[in-house]
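Trainee: Fold the following, please.
(one chain, ligands or ions: 1)
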Amino acid sequence: MNDKIPPQIARGRRPPAIWLALAAVLAVAGYAGFTALQERAGGADAADATDAADATDAELVALGRQVYDAQCASCHGETLKGQPDWRQRLPSGRLPAPPHDETGHTWHHPDTMLFEMTKYGVQKFGPPGYQSDMAPYVDILSDREIWAVLAFIKSTWPPKIRSRQEQIDRRFRENRGHQR
Ligand code: HEC
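Mentor: Okay, the predicted model is just below:
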(Lines give C-alpha, C1' and ligand atoms only; values in the text may rest on other atoms or scores of the structure.)
Protein backbone atom coordinates (compact mmCIF):
# COMPACT_ATOMS: atom_id res chain seq x y z
CA MET A 1 0.00 0.00 0.00
CA ASN A 2 2.83 2.33 0.83
CA ASP A 3 4.30 2.08 -2.61
CA LYS A 4 1.11 3.59 -4.03
CA ILE A 5 1.35 6.80 -2.02
CA PRO A 6 3.85 8.80 -4.08
CA PRO A 7 2.00 8.62 -7.43
CA GLN A 8 -1.32 9.38 -5.74
CA ILE A 9 0.17 12.38 -3.97
CA ALA A 10 1.70 13.46 -7.27
CA ARG A 11 -1.72 13.35 -8.90
CA GLY A 12 -3.22 15.25 -5.98
CA ARG A 13 -5.83 12.59 -5.36
CA ARG A 14 -5.15 12.06 -1.64
CA PRO A 15 -8.07 13.14 0.52
CA PRO A 16 -7.25 15.94 3.00
CA ALA A 17 -7.57 13.56 5.96
CA ILE A 18 -4.42 11.80 4.82
CA TRP A 19 -2.54 15.09 4.73
CA LEU A 20 -3.71 15.89 8.22
CA ALA A 21 -2.59 12.48 9.43
CA LEU A 22 0.74 12.91 7.68
CA ALA A 23 1.17 16.37 9.21
CA ALA A 24 0.43 14.91 12.62
CA VAL A 25 2.98 12.14 12.11
CA LEU A 26 5.58 14.68 10.98
CA ALA A 27 4.81 16.91 13.94
CA VAL A 28 5.33 14.04 16.36
CA ALA A 29 8.51 12.99 14.58
CA GLY A 30 9.71 16.58 14.59
CA TYR A 31 9.05 16.94 18.27
CA ALA A 32 10.84 13.67 18.99
CA GLY A 33 13.78 14.92 16.96
CA PHE A 34 13.75 18.18 18.85
CA THR A 35 13.78 16.46 22.24
CA ALA A 36 16.53 14.13 21.01
CA LEU A 37 18.59 17.21 20.12
CA GLN A 38 17.95 18.69 23.53
CA GLU A 39 19.04 15.42 25.08
CA ARG A 40 22.26 15.43 23.10
CA ALA A 41 22.85 19.02 24.15
CA GLY A 42 22.52 17.88 27.75
CA GLY A 43 19.33 19.86 28.26
CA ALA A 44 17.00 19.48 31.18
CA ASP A 45 15.33 16.52 29.48
CA ALA A 46 18.55 14.59 28.92
CA ALA A 47 17.87 10.88 28.68
CA ASP A 48 20.36 10.10 31.39
CA ALA A 49 19.22 13.03 33.46
CA THR A 50 17.98 12.55 36.92
CA ASP A 51 15.95 15.10 38.81
CA ALA A 52 16.90 13.86 42.19
CA ALA A 53 20.04 13.47 44.21
CA ASP A 54 19.70 9.73 44.69
CA ALA A 55 22.18 8.81 47.41
CA THR A 56 21.55 5.10 46.81
CA ASP A 57 22.83 5.33 43.21
CA ALA A 58 26.45 4.22 43.64
CA GLU A 59 27.53 5.44 40.21
CA LEU A 60 26.04 8.89 40.79
CA VAL A 61 27.60 9.10 44.25
CA ALA A 62 31.05 8.14 42.89
CA LEU A 63 30.82 10.88 40.25
CA GLY A 64 29.65 13.29 42.95
CA ARG A 65 32.64 12.55 45.14
CA GLN A 66 34.97 13.56 42.29
CA VAL A 67 33.00 16.73 41.64
CA TYR A 68 32.99 17.56 45.34
CA ASP A 69 36.75 17.15 45.72
CA ALA A 70 37.43 19.22 42.63
CA GLN A 71 34.84 21.98 43.05
CA CYS A 72 33.51 22.23 46.59
CA ALA A 73 36.05 20.90 49.09
CA SER A 74 38.22 24.03 48.95
CA CYS A 75 35.48 25.98 50.76
CA HIS A 76 33.12 23.44 52.27
CA GLY A 77 35.99 21.26 53.50
CA GLU A 78 37.28 17.85 52.55
CA THR A 79 35.25 16.32 55.36
CA LEU A 80 32.25 18.62 54.68
CA LYS A 81 32.86 20.56 57.89
CA GLY A 82 32.66 23.99 56.26
CA GLN A 83 34.79 26.99 57.24
CA PRO A 84 35.55 27.84 60.89
CA ASP A 85 32.91 29.97 62.66
CA TRP A 86 30.63 29.61 59.69
CA ARG A 87 27.78 31.45 61.40
CA GLN A 88 29.88 34.62 61.87
CA ARG A 89 29.99 37.06 59.00
CA LEU A 90 33.39 37.78 57.51
CA PRO A 91 34.82 41.34 57.52
CA SER A 92 33.38 41.59 53.98
CA GLY A 93 29.91 41.12 55.42
CA ARG A 94 29.54 37.80 53.61
CA LEU A 95 29.07 34.43 55.20
CA PRO A 96 31.75 31.71 55.35
CA ALA A 97 31.02 28.37 53.70
CA PRO A 98 28.71 26.30 55.92
CA PRO A 99 29.27 22.59 56.57
CA HIS A 100 27.40 20.09 54.40
CA ASP A 101 27.40 17.46 57.13
CA GLU A 102 24.70 16.96 59.76
CA THR A 103 25.86 20.05 61.72
CA GLY A 104 24.98 22.40 58.86
CA HIS A 105 21.61 23.27 57.38
CA THR A 106 22.08 21.84 53.91
CA TRP A 107 19.82 18.94 54.95
CA HIS A 108 17.04 21.40 55.89
CA HIS A 109 16.46 22.06 52.19
CA PRO A 110 14.65 20.04 49.50
CA ASP A 111 16.74 18.62 46.64
CA THR A 112 15.45 21.12 44.08
CA MET A 113 16.48 24.05 46.22
CA LEU A 114 19.99 22.64 46.80
CA PHE A 115 20.22 22.08 43.06
CA GLU A 116 19.20 25.64 42.27
CA MET A 117 21.50 27.13 44.91
CA THR A 118 24.41 25.25 43.38
CA LYS A 119 23.47 25.94 39.78
CA TYR A 120 22.30 29.54 39.99
CA GLY A 121 23.91 30.67 43.25
CA VAL A 122 22.56 31.23 46.72
CA GLN A 123 21.82 34.85 45.75
CA LYS A 124 18.71 33.55 44.06
CA PHE A 125 17.27 32.81 47.50
CA GLY A 126 18.57 35.87 49.32
CA PRO A 127 17.12 39.39 49.37
CA PRO A 128 17.82 41.59 46.32
CA GLY A 129 21.50 42.54 46.14
CA TYR A 130 22.55 39.62 48.37
CA GLN A 131 26.22 38.84 47.93
CA SER A 132 27.84 35.48 48.38
CA ASP A 133 31.35 34.11 48.01
CA MET A 134 29.95 31.08 46.21
CA ALA A 135 29.77 31.58 42.46
CA PRO A 136 27.00 29.85 40.48
CA TYR A 137 27.99 26.59 38.77
CA VAL A 138 25.73 27.00 35.76
CA ASP A 139 28.69 27.32 33.34
CA ILE A 140 30.97 24.86 35.15
CA LEU A 141 28.97 21.74 35.99
CA SER A 142 26.35 19.82 34.01
CA ASP A 143 22.98 19.18 35.64
CA ARG A 144 23.97 15.57 36.17
CA GLU A 145 27.19 16.61 37.91
CA ILE A 146 25.21 18.89 40.21
CA TRP A 147 22.74 16.13 41.13
CA ALA A 148 25.74 13.84 41.59
CA VAL A 149 27.54 16.11 44.02
CA LEU A 150 24.33 16.50 46.03
CA ALA A 151 23.86 12.71 46.00
CA PHE A 152 27.41 12.37 47.34
CA ILE A 153 26.76 14.93 50.10
CA LYS A 154 23.58 13.09 51.08
CA SER A 155 25.36 9.74 51.08
CA THR A 156 27.58 10.97 53.92
CA TRP A 157 24.64 11.76 56.21
CA PRO A 158 23.62 9.39 58.99
CA PRO A 159 20.32 7.57 58.30
CA LYS A 160 18.32 9.79 60.66
CA ILE A 161 19.34 13.00 58.91
CA ARG A 162 18.82 11.40 55.53
CA SER A 163 15.27 10.39 56.30
CA ARG A 164 14.47 13.82 57.74
CA GLN A 165 15.70 15.50 54.58
CA GLU A 166 13.71 12.99 52.53
CA GLN A 167 10.58 14.08 54.38
CA ILE A 168 11.34 17.75 53.74
CA ASP A 169 11.93 16.94 50.08
CA ARG A 170 8.74 14.89 49.75
CA ARG A 171 6.62 17.58 51.37
CA PHE A 172 8.10 20.18 49.03
CA ARG A 173 7.39 18.07 45.94
CA GLU A 174 3.81 17.42 47.04
CA ASN A 175 3.13 21.11 47.67
CA ARG A 176 4.58 22.00 44.33
CA GLY A 177 2.28 19.44 42.72
CA HIS A 178 -0.75 21.10 44.30
CA GLN A 179 0.19 24.50 42.98
CA ARG A 180 -0.04 23.36 39.37
C1 HEC B 1 34.47 29.83 47.01
C2 HEC B 1 33.95 29.05 48.10
C3 HEC B 1 32.85 28.04 47.79
C4 HEC B 1 32.89 27.00 46.91
C5 HEC B 1 34.03 26.56 46.00
C6 HEC B 1 31.61 26.33 47.02
N7 HEC B 1 30.83 26.97 47.94
FE8 HEC B 1 28.92 26.46 48.49
N9 HEC B 1 28.86 28.02 49.74
C10 HEC B 1 29.88 28.92 49.96
C11 HEC B 1 29.44 29.95 50.88
C12 HEC B 1 30.29 31.13 51.35
C13 HEC B 1 28.10 29.65 51.20
C14 HEC B 1 27.18 30.45 52.11
C15 HEC B 1 26.32 31.19 51.18
C16 HEC B 1 25.88 32.52 51.58
O17 HEC B 1 24.83 32.63 52.22
O18 HEC B 1 26.55 33.46 51.19
C19 HEC B 1 27.77 28.41 50.46
C20 HEC B 1 26.54 27.78 50.52
C21 HEC B 1 26.21 26.65 49.85
C22 HEC B 1 24.93 26.00 49.91
C23 HEC B 1 23.73 26.44 50.73
C24 HEC B 1 23.79 25.73 52.05
C25 HEC B 1 22.68 26.08 52.99
O26 HEC B 1 22.60 25.42 54.01
O27 HEC B 1 21.89 26.96 52.71
C28 HEC B 1 25.00 24.90 49.10
C29 HEC B 1 23.90 23.89 48.83
C30 HEC B 1 26.32 24.88 48.54
N31 HEC B 1 27.04 25.94 49.01
C32 HEC B 1 26.78 23.89 47.69
C33 HEC B 1 28.02 23.91 47.09
C34 HEC B 1 28.48 22.90 46.18
C35 HEC B 1 27.68 21.68 45.77
C36 HEC B 1 29.72 23.27 45.76
C37 HEC B 1 30.61 22.59 44.75
C38 HEC B 1 29.98 22.25 43.49
C39 HEC B 1 30.05 24.51 46.46
N40 HEC B 1 29.00 24.86 47.26
C41 HEC B 1 31.24 25.20 46.30
C42 HEC B 1 31.13 28.90 49.41
C43 HEC B 1 31.56 28.01 48.43
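Trainee: Spit out the contact partners of the closest residue to Ala135 other than its chain neighbours.
Mentor: Closest residue to Ala135 apart from its sequence neighbours, by CB to CB, 6 or more residues apart in numbering: Gly121 at 6.7 Å. No exception for glycine: its C-beta is placed from N, CA and C like everyone else's. Applying CB atoms under 8 Å, 6 or more residues apart in numbering, we find Gly121 in contact with 132, 134-136.
Trainee: For Ala151, report the pLDDT, please.
Mentor: The model reports Ala151 with a pLDDT of 98.
Trainee: Can you point out the buried residues in the helix or strand hosting Glu174?
Mentor: Per DSSP states H and E, Glu174 falls inside helix 159-179. Under the neighbour-count criterion of 16 or more other CB atoms under 10 Å, helix 159-179 has 161-162, 165, 169 buried.
Trainee: repeat for stretch 64-80
Mentor: Those would be 64-65, 67-68, 71-72, 76-77, 80, for stretch 64-80 by 16+ other CB under 10 Å.
Trainee: Then stretch 98-111?
Mentor: For stretch 98-111, by 16+ other CB under 10 Å, it's 98-102, 104, 106-107, 109-111.
Trainee: Lowest mean pLDDT among the helices and strands of the protein, which one is it?
Mentor: Every helix and strand of the chain was ranked by mean pLDDT, DSSP states H and E. The lowest is helix 5-10, at a mean of 51.
Trainee: The nearest residue to Ser155 once chain neighbours are set aside: neighbour count?
Mentor: Closest residue to Ser155 apart from its sequence neighbours, by CB to CB, 6+ apart: Ala55 at 4.2 Å. By other CB atoms under 10 Å, the residues close to Ala55 number 20.
Trainee: what's near enough to touch Ala55?
Mentor: Here Ala55 is in contact with 61, 151-152, 154-155, 157, 162 (CB under 8 Å, 6+ apart).
Trainee: contact partners of stretch 109-119?
Mentor: Under CB under 8 Å, 6+ apart, the answer for stretch 109-119 is 51-53, 106, 124-125, 136-138, 141, 143, 146-147, 149-150, 165, 168-169, 171-173, 176.
Trainee: Tell me if that stretch is near the ligand.
Mentor: Yes. Contact of stretch 109-119 with the ligand (CB under 6 Å from any ligand atom) involves 114, 117-118.
Trainee: Output those residues in JSON lines, with distance to Arg87 appended to each entry.
Mentor: Shown next, in JSON lines, are these (distance: CB to CB, whole Å):
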{"residue": "Leu114", "distance to Arg87": "19"}
{"residue": "Met117", "distance to Arg87": "18"}
{"residue": "Thr118", "distance to Arg87": "21"}
